[in-house]
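Student: give me coordinates for this.
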Amino acid sequence: MSRPRRLGYLLKHANLRLTDLTGPALAPYGLDGREFAVLAVIGEPGPLSQLDVGQRLGVDRSTMVGLVDGLERKRLVARRPHPDDRRKNVVELTEHGRETLEKATRAVDEAEAAFLSGLEEGDARLFRVLLERLLG
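Tutor: Predicted coordinates for the structure are as follows:
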């Protein structure tokens, strides 16, 4: 019996395979994929509020609060008052958070390379370009 070739099936199972590679790659840093994504966004230039981070990742407010709380407990991020809006807090990486993000990024890069290893280099680049195009 052949496997279904529907796009949803293929994308889901590709994501599961990638998660199987990135999960163990992040484990030594005490992170999961969602926490890594939050750190990566917070590591971008410019002051970002918790709401800004959530919007960039498509995460609702209450989930974002929980994620940032967890990262704060791990001493990877810190909150401080927003310089232009006292009602908001800026979330930023701590020194430990920057170091962790740097190491975790290398580990994820290696996991992604392993995931794409079945493709020729040009095809792997094209795959990324096409996914970016589909996501707008």
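
Student: need the phi and psi values for Glu120.
Tutor: Glu120 has phi and psi values of phi -70, psi 160 when expressed as degrees, to the nearest 10.

Student: got a list of what it touches?
Tutor: By CB atoms under 8 Å, 6 or more residues apart in numbering, the contact list for Glu120 is empty. Yep, even glycine has a C-beta here, placed from its N, CA and C like the rest.

Student: for Leu31, see how far away it is.
Tutor: When CB to CB, to the nearest Å is applied, the distance between Glu120 and Leu31 equals 31 Å.

Student: helix/strand/coil for Asp84?
Tutor: When the structure is reduced to helix, strand and coil (DSSP: H, G, I helix; E, B strand; the rest coil), Asp84 reads as coil.

Student: residues contacting Leu101?
Tutor: Contact criterion CB under 8 Å, 6+ apart gives 36, 39-40, 43, 76, 93 as the residues in contact with Leu101.

Student: closest to the centroid, which residue in this protein?
Tutor: Nearest to the mean C-alpha position of the chain, by CA atoms, centre = their mean, lies Ala37 at 1.9 Å.

Student: is that one in contact with Gly58, as I believe?
Tutor: No. Counting by CB atoms under 8 Å, Ala37 sits too far from Gly58 to count as a contact (10.0 Å).

Student: and the residue nearest to the centre of the chain, what element?
Tutor: Counting by DSSP states H and E, the element that carries Ala37 is helix 33-42.

Student: how about Glu102?
Tutor: Under the criterion DSSP H and E, the helix or strand holding Glu102 is helix 95-115.

Student: and the contacts of the helix or strand encompassing Leu126?
Tutor: Take DSSP H and E as the rule and Leu126 turns out to sit in helix 121-135. Applying CB under 8 Å, 6+ apart, the set of residues contacting helix 121-135 from outside is 116, 119.

Student: tell me the angle of that helix relative to helix 95-115?
Tutor: Relative orientation of helix 121-135 versus helix 95-115 (axes from the mean of the first three to the mean of the last three CA atoms, to 10 degrees): 120 degrees.
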